[in-house]
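**Q** Below are the sequence and a predicted model for it; my questions follow.
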Amino acid sequence: TFVFRMFNIVLVDGVRTPFLLSGTSYSDLMPHDLGRGALQGLLNRTGVPKEIVDHIIYGIVIQEVKTSNVAREAALGAGFSDKTPAHTVTMACISSNQAMTSAVGLIAAGQCDVVVAGGVEFMSDVPIRHSRKMRKTMLSLNKAKTLGQRLSLLGSIRMGHLMPELPAVAEFSTAESMGHSADRLAAAFGVTRVEQDEYALRSHRLAKKAQDEGLLSDIISFQVPGKNIISADNGIRPTSMEQMGKLKPAFVKPHGTVTAANSSFLTDGASAVLIMSEEKALALGYKPKAYLRDFVYVSQDPKDQLLLGPTYATPKVLEKSGLTMEDIDVFEFHEAFAGQIVANLKAMDSDWFAQNCMGRKSKVGVPPMEKFNTWGGSLSLGHPFAATGCRLVTTVAHRLQKEGGQYGVVAACAAGGQVFLPKYTYAQLARADTEYSRGATVQVFLVHSFGLFSVHVLCMKMTMCKSVQKHF
Amino acid sequence: MAAVGSLLGVLSRSATRRYTLRSGLSPRTFAVASSMLARTHVSYEIKDDVAIIRINDPNSKVNTLSVQLQQEMTEVMNEVLGNEAVKSAVLISSKPGCFIAGADINMIQACGTAEKVSSLSSEGQKMFERVEKSPIPIVAAINGSCLGGGLEFAIACRYRIATKNKKTVLGTPEVMLGLLPGAGGTQRLPKMVGLPSAFDMMLTGRNIRADKAKKMGLVDQLVDTLGPGLKGPEERTIEYLEEVAVGVARGLADKKVPMTKTKSTMEKIQEYVMGFEFVRNQVYKTVNNKVMKQTKGLYPAPMKIIECVKAGIEQGPDAGYLAESQNFGKLAMTSESRALIGLYHGQVACKKNRFGVPDREVKTLAILGAGLMGAGIAQVTVDKGVNTILKDTTVEGLSRGQQQVYKGLNDRVKKRSLTSFERDSILSKLTGQLDYGGFEKADMVVEAVFEDLNIKHAVLKEVEAVIPPHCIFATNTSALPIKDIAAASKRPDKVIGMHYFSPVDKMQLLEIITTDKTSRDTTASAVAVGLKQGKVIIVVGDGPGFYTTRCLAPMLAEAVRVLQEGVDPKKLDTLTTGFGFPVGAATLADEVGIDVAAHVAEDLGKAFGSRFGGGNVELLKTMVEKGFKGRKSGKGCYIYQPGLKRKDINPEIEEILERFKMTPHPTVSSDSDVQYRLVTRFVNEAVLCLQEGILNNPVEGDIGAVFGLGFPPCLGGPFRYVDSFGADKIVEKMRRFEDVYGNQFTPCQLLLDHAKDPSKRFHK
């Protein structure tokens, strides 16, 4: 049994900083500061000895050029051992999902026993560059040897050189902004403005309820250097349908349906999880929160199906592990836009879509809403791109514990909150079960973590560790 | 092998998708009874207080403003406007990819007299006037082509919403058919988009994409195209367009959507400036001069368009509408319009594969030789999603060729008809290489190597050793007989000629040459590939120079003689362009390459003997020896300097001309005689090609001459020219030239037959 146990991989615990609207209390920090906060919080909460951490993997989307390997800077700052290697991954909105599955891969390959994964996004400050023309001139200036050459280069600078270059507002491949794509997606599925506003309102109400009931226990307080302590998300704002109805469309004008109120907002935040091989966790005396069982990445056409990843990935991971929609107790789907979530739900409920776009005989089936994002989601809690994945996985584990379920599924499309992301369609899925389903799962991990780096939607299977807890 | 003329280019590029023929029954046959029958073309539905009027011609892929459609539209309008519950209306097409593609050409052609066409026009004007003055707001919801009468309909509506679909284009292409926008277009367009833009649209006939149309003020709102949802993308996009349009219509009726557009400062300035009569006169004058310069007065339609616009603005709408309908009638009766419409029909015919569906589709195409031709062929192939192998023998050659393909695509990125991502994705299907790797997967090989029989034989043998048995070998040559090339083949049934014209991405014509051994399936496959590449195709028999080169050679020989007789290259160009050729004969020789011209002249001279004589081939050879190979070498008849548009006569050529000087014969050397000497030799050779069976039919002969060689489009091609000018008159002129120059001007038998019997015509 030892051999099999070696390859069970568990989530020991997960934490996150409070998610704040960008430009609020975190605004003077740098990305690695927030990362540091999450990592330090994880150390404090789990008490894991620093020297046994084999590797640290961190995700980020909009990179600060000064800290391009933000994983290493954050880890050093958080007090991890300088002997622990750290690397940074990026995969749009599922960057920390990529960090987690990379961790799973390292453990499954026998490379590591204890890995910290996470992600950070800091939208209060983004790199704004000089124009390409200006950069070229400045670089040539470096090489200019004589005063004459320098003067002639300086003399070549025109007004046009001074225009700054903002981070890409649009998808590189299609030149379409994420919000615009979401609006088209909503229209394609006939999702009305009211449906979107209602869903967004639900997200805010549920988040508020979870916050009031103290369910968001993955949050660790963050002391902003020189300022106050932050201990709660600040984007949860349940209003009314009337209020939301007053907003004008943000992307497609004048007839669009996606507004600021039914989109996720630009967010600052960081998250981290501790992942171990099961026997290592048990040997250290941990009671792991979940098994990470299986995952799938898929990718679609970046124009018309940019945000439909969850529809494609969910049935795939379920079928792979021999489960059905009914077996799942907890669904956590990333909410990029209310319109995108409702469109996915409609797609999952459509035989036409299943037959014509997915090559299936019949529809995927819709997750029951009472199991779906019941503690709020990215629309209300916020969506720091590369930090969302760990939040989703930790939330599934907590909800399974709280609600007494067995299996959970996480899905995320790699959609940017609003206008900023470099984006492909990614979706992510995680699942948990109580049994020891060992051998087969191990195989799955190996194949996916190493074979499919280039594909883009991720599903992950998690196992609640109730049985583990019973054992001890 | 031939150069493009701008007018020709415009004509050929845009006439394609314009007007569509209605096949089957003439609409007139059941027009009378239609009010009693159920409506088939136009239907409507009332949603709350909005009437949605849907257009769908059940007999065609596109909607045209036929008699039937107009009649039903009138009935529907009566019912909608008569219904008090209706507060606004939406006009939309149920066809994916087409709003209304224009008026029904057959309907215009069937009229017979200018008066009848004029009355058609004024009926159209009245119908759209009713739309314009309708008490309820009407919104045009446009998805797909909105051209000609379709655009005139749309601009008569109160508001226009268009999809960002690539197929959504707006335009007034009537000028390409020698007509004018005859249903109020010349009156409404200037008011809508301003005088300069309106002239630009109506005089060039170019297509305008939705985003541009929005910027111009031609449409008021844009709607995105949608991907698949709970229905197919096209179906859902039309539905979405309708939903948005219904919302706007309701908003207009409730006065929630403002009607007055906010004008940009530029627009305000332009409007202010145009308020002055002398400014407008200046505009008319400039446009007039420009048109005269481009058309040499050979095309009446542009002048009439200017006249109608001017009448409307300077003398008021009544005069404007009257001028429009009357000029429309007059233009429809001109030989120019008939010629252009004939070309349009011919072009449609040459876009079909009369050899049926080939057994297998060409999925991988290999090209030998990455020169101008090879790379051009690669470009038009790879951008249709076909895997393309481009092989050359040197890295330099290959690199130049790949660069050409990249540049061709990147130019489209600059024009925004392609995104950089699409460009990269297209280029990923192009493989450049120096060896024959991958040829085992090729379904067709097109060779574009140097025009030398021995080289072609060597290449053919090399290729046949590596390609699969089903693979077709196409040779791109402008003069070498295909059967001579095929002589080296183990499988001559798979050998075919594909004569492309340079620049391949701009020239629409493809001349396919079959030998008596070429199999039907090989031909079908070559035509299918050509059609995929977007070409207009003529399929001709084998022989020296096939059809196009063979027609051009005697004309060029005559041009050389004209030069030798002391007419300078500029004058020669003026004479040829004055006749309607888009490019002058001397410039054409420079573009083709003096070396190529010399080569062809010598080859065909050998094949056809003294009949192809005239000018002295030695003159061309001397020019080649001196390095005057035309544009590519910087010097030919003219001197070409990079960056300079103006071209001067090459001074050194005068000395050569002096050496080969001949005395002109005063009886046949007037300007007009020189023109006819050039043209009749061309025409006679074309007719001879039909007589000998090189050509399958006169339609292909006309299309080949106009699209490949720049034969004056206003004449409609050599065969239509014989019909309209009169074979007897041509024979008479030729006899006169024959007396002086001999057999080069002997009319062929078929031409003589037509001259004897005026009832014989090439086109019905």
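**A** Arrived safely, thanks for sending.
**Q** Pull out the buried residues from the host helix or strand of B:N106.
**A** Here B:N106 sits within helix B:105-109, counting by DSSP states H and E. Buried residues in helix B:105-109, defined by neighbour count with 16 or more other C-beta atoms under 10 Å in any protein chain shown: B:105-108. For every residue, glycine as well, the C-beta is placed using N, CA and C.
**Q** and what of stretch B:518-530?
**A** B:518-519, B:521-530.
**Q** From those, pick the one nearest B:F128.
**A** Using C-beta to C-beta, B:G530 comes nearest to B:F128 of the buried residues of stretch B:518-530, at 40.0 Å.
**Q** these two touch, right, that closest one and B:L510?
**A** Yes. Between B:G530 and B:L510 there is a contact at 4.3 Å, judged by C-beta atoms under 8 Å.
**Q** overlap in contacts of the two?
**A** B:498, B:537 (C-beta atoms under 8 Å, 6 or more residues apart in numbering or on different chains).
**Q** related to what we said a few turns ago, please name every helix or strand in contact with the helix holding B:N106.
**A** With contacts taken as 3 or more C-beta pairs under 8 Å, 6 or more residues apart in numbering or on different chains; DSSP states H and E, helix B:105-109 sits against helix B:114-132, helix B:335-349.
**Q** change it to 6 Å
**A** Contact partners of helix B:105-109 among helices and strands, from 3 or more C-beta pairs under 6 Å, 6 or more residues apart in numbering or on different chains; DSSP states H and E: none.
**Q** hmm, back to that, can you add pLDDT and give the buried residues of helix B:105-109 back as JSON lines?
**A** Shown next, in JSON lines, are the buried residues of helix B:105-109 (pLDDT from 0 to 100):
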{"residue": "B:I105", "pLDDT": "91"}
{"residue": "B:N106", "pLDDT": "89"}
{"residue": "B:M107", "pLDDT": "91"}
{"residue": "B:I108", "pLDDT": "90"}
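**Q** and which of the residues you listed is nearest to B:T225?
**A** Nearest to B:T225 among the buried residues of helix B:105-109, counting by C-beta to C-beta, is B:I105 at 29.4 Å.
**Q** do you know how far that closest one is from chain A?
**A** Using C-beta to the nearest C-beta, to the nearest Å, we find B:I105 at a distance of 37 Å from chain A.
**Q** so which helix or strand takes in the residue in the stretch 651-764 of chain B positioned nearest to chain A?
**A** The stretch 651-764 of chain B approaches chain A most closely through B:F707 (35.1 Å), counting by C-beta to the nearest C-beta. Taking DSSP H and E as the criterion, the element that holds B:F707 is helix B:698-709.
**Q** so what's the residue of the stretch 651-764 of chain B closest to chain A closest to, chain neighbours aside?
**A** Sequence neighbours aside, B:L509 is the residue nearest to B:F707 in space, at 4.0 Å (criterion: C-beta to C-beta, 6 or more residues apart in numbering or on different chains).
**Q** burial count for residue 279?
**A** You didn't say which chain, so I picked chain A. Neighbourhood size, A:E279 [other C-beta atoms under 10 Å in any protein chain shown]: 17.
**Q** Let me rephrase: I mean chain B.
**A** Neighbour tally, B:V279, other C-beta under 10 Å: 14.
**Q** So for it, what's the nearest residue that isn't a sequence neighbour?
**A** Take B:V279 and drop its neighbours on the chain: the residue closest to it by C-beta to C-beta, 6+ apart is B:V273, 5.3 Å away.
**Q** B:E45: neighbouring residues, count only.
**A** B:E45 has 10 neighbours, counted by other C-beta under 10 Å.
**Q** for A:S140, that is, sorry about that
**A** A:S140, neighbours per other C-beta under 10 Å, totals 13.
**Q** Local confidence estimate at it?
**A** For A:S140, the pLDDT comes out at 92.
**Q** Chain B contacts on chain A?
**A** Chain A comes close to chain B at residues A:173, A:184, A:187-189, A:255, A:304, A:350, A:352, A:357, as judged by C-beta under 6 Å from any C-beta of the partner chain.
**Q** Could you dump those residues into a markdown table and include neighbour count?
**A** Below are the residues of chain A next to chain B laid out as a markdown table (neighbours: other C-beta atoms under 10 Å in any protein chain shown):
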| residue | neighbour count |
| --- | --- |
| A:S173 | 19 |
| A:R184 | 29 |
| A:A187 | 29 |
| A:A188 | 27 |
| A:F189 | 27 |
| A:H255 | 21 |
| A:D304 | 21 |
| A:S350 | 23 |
| A:W352 | 14 |
| A:C357 | 20 |
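**Q** Tell me which other helices or strands the helix or strand where A:S140 lies touches.
**A** Using DSSP H and E, A:S140 sits within helix A:132-143. If you count contacts as 3+ C-beta pairs under 6 Å, 6+ apart, helix A:132-143 packs onto helix A:147-155.
**Q** Residue 362: what secondary structure?
**A** Chain wasn't specified; assuming chain A. Classification of A:S362 using DSSP: H, G, I helix; E, B strand; the rest coil returns coil.
**Q** Distance check, it against chain B.
**A** The gap separating A:S362 from chain B is 15 Å, by C-beta to the nearest C-beta.
**Q** burial of that residue, as a residue count?
**A** Neighbours around A:S362, by other C-beta under 10 Å: 9.
**Q** what residues are up against it?
**A** Neighbour list for A:S362: A:351, A:354 [criterion: C-beta atoms under 6 Å, 6 or more residues apart in numbering or on different chains].
**Q** Just the closest residue of the stretch 151-300 of chain A to chain B, please.
**A** Residue nearest to chain B within the stretch 151-300 of chain A: A:A188 (3.3 Å; C-beta to the nearest C-beta).
**Q** returning to that earlier point: send me the helix holding B:N106 as PDB with only the CA atoms.
**A** Output in PDB follows, covering the C-alpha atoms of helix B:105-109 (Å, rounded to 0.1, in the frame of the first residue of the first chain):
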ATOM      1  CA  ILE B 105     -29.900  43.200 -64.500                       C
ATOM      2  CA  ASN B 106     -32.100  41.100 -66.700                       C
ATOM      3  CA  MET B 107     -35.000  43.300 -65.900                       C
ATOM      4  CA  ILE B 108     -33.100  46.300 -67.200                       C
ATOM      5  CA  GLN B 109     -31.800  44.500 -70.200                       C
END
